[in-house]
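[1] here is my input; please provide its structure:
(one chain, ligands or ions: 2)
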Amino acid sequence: MTEDILTVEDLAVSYGRVQAVRGVSFTVPRGALVTLVGANGAGKTSIINAVSGVVRPSSGRVTFQGKDITRAPAHKLVRQGLVQVPEGRQILASLTIEENLQLGGWHTSGGRTEEVYDRFPVLRERRRLLAGSLSGGEQQMLAIGRALVAEPSLMLLDEPSMGLAPKVVDEVFRVIQEIRAAGTSVLLVEQNARRALRAADHGYVLASGEVARSGPGAELLADDAIVAAYLGLETG
Ligand SMILES: Nc1ncnc2c1ncn2[C@@H]1O[C@H](COP(=O)(O)OP(=O)(O)OP(=O)(O)O)[C@@H](O)[C@H]1O
Ligand SMILES: [Mg+2]
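    Ligands and ions are numbered 1, 2, ... in the order given. Model prediction:
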């Protein structure tokens, strides 16, 4: 067991001639909540997809639980406990809630479904309904629940607060904190930098595919120059 559950070294991702990510390095200590924040197009999804095996990095190294997983396919990583909640939720609207959860546990006995229903009672009540009938917030809970069924030791979340009302965003962040408190390490990617940095142990600020600054979440937020230059937030 290493102290860091995830280590990313000098990662680069390109799409044809577009270099989306350059020389990005960061770590997720075991049990921590680490966030990557940055504006639209900063490279957040490219990084998380390169870690989870959804896109192939052009260079760099990704180590998960002490093993080199660079270029390992996503389905193999899910079995090893590295599970992604994708941008835009990606639930299957024409399947029921229960079927969506069962898909999350395709490689397990599926025994985690009841635990997910205990965490999200609204999903239990509606388990026979089509997932497309859920509100945006409920769909996000379903996407998180589907990842939990896979029994992750590291959960990657790509902009879980996107498009949700402020009260629902609060609930999503509460759930993420609970998941972390229950022992799952979390890598959270967010445009909602203020919320993400407040919740995180450690944050990395991305700009144009590179790490511009990093530090404890609260410290980054307290730095008016960072807030103004990279996060597009009001200072103070
Ligand atoms: N499939 C693709 N083909 C070509 N260019 C891409 C592709 N995906 C992303 N890009 C480009 O790579 C850069 C980084 O995109 P990425 O989606 O990683 O950013 P992001 O930080 O997740 O943005 P957002 O906040 O909008 O989700 C952008 O310039 C984007 O246009
Ligand atoms: Mg993105």
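
[2] all contacts plus neighbour counts: C-alpha atoms, from now on.
    Noted.

[3] residues of this structure that sit close to ligand 1?
    Residues of the chain found near ligand 1 (Cα under 6 Å from any ligand atom) are 15, 18, 20, 39-46, 191.

[4] in JSON lines: those residues, plus distance to Ala32.
    What follows is these, written out as JSON lines (distance: Cα to Cα, whole Å):
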{"residue": "Tyr15", "distance to Ala32": "31"}
{"residue": "Val18", "distance to Ala32": "32"}
{"residue": "Ala20", "distance to Ala32": "26"}
{"residue": "Ala39", "distance to Ala32": "23"}
{"residue": "Asn40", "distance to Ala32": "25"}
{"residue": "Gly41", "distance to Ala32": "25"}
{"residue": "Ala42", "distance to Ala32": "23"}
{"residue": "Gly43", "distance to Ala32": "22"}
{"residue": "Lys44", "distance to Ala32": "19"}
{"residue": "Thr45", "distance to Ala32": "20"}
{"residue": "Ser46", "distance to Ala32": "21"}
{"residue": "Gln191", "distance to Ala32": "20"}
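
[5] filter the residues you listed down to the buried ones.
    The neighbour-count test (16 or more other Cα atoms under 10 Å) marks 20, 39, 42-46, 191 as buried among these.

[6] okay, now the unreliable bits of the chain?
    Within the chain, the segments meeting pLDDT under 70 span 1-2, 109-111, 233-236.

[7] and the gap between the most centrally placed residue in it and ligand 1?
    For the chain, Leu157 is the residue whose C-alpha lies nearest the centre (Cα atoms, centre = their mean; 1.5 Å). Plainly put, Leu157 is 11 Å away from ligand 1 if you go by Cα to the nearest ligand atom, to the nearest Å.

[8] for the remainder of this discussion, apply numbering that starts at 53.
    Happy to do that; since the first residue is 53 now, the last one works out to Leu209.

[9] list the residues that contact that residue.
    136-139, 238-241 (Cα atoms under 8 Å, 6 or more residues apart in numbering).

[10] select the longest helix from this structure.
    helix 218-233 (DSSP state H).

[11] tell me which helix or strand comes right after that one.
    strand 237-242 (DSSP states H and E).

[12] quick one: end-to-end distance for stretch 198-218.
    23 Å (Cα to Cα, to the nearest Å).

[13] quick one: buried residues of it?
    For stretch 198-218, by 16+ other Cα under 10 Å, it's 198-214.
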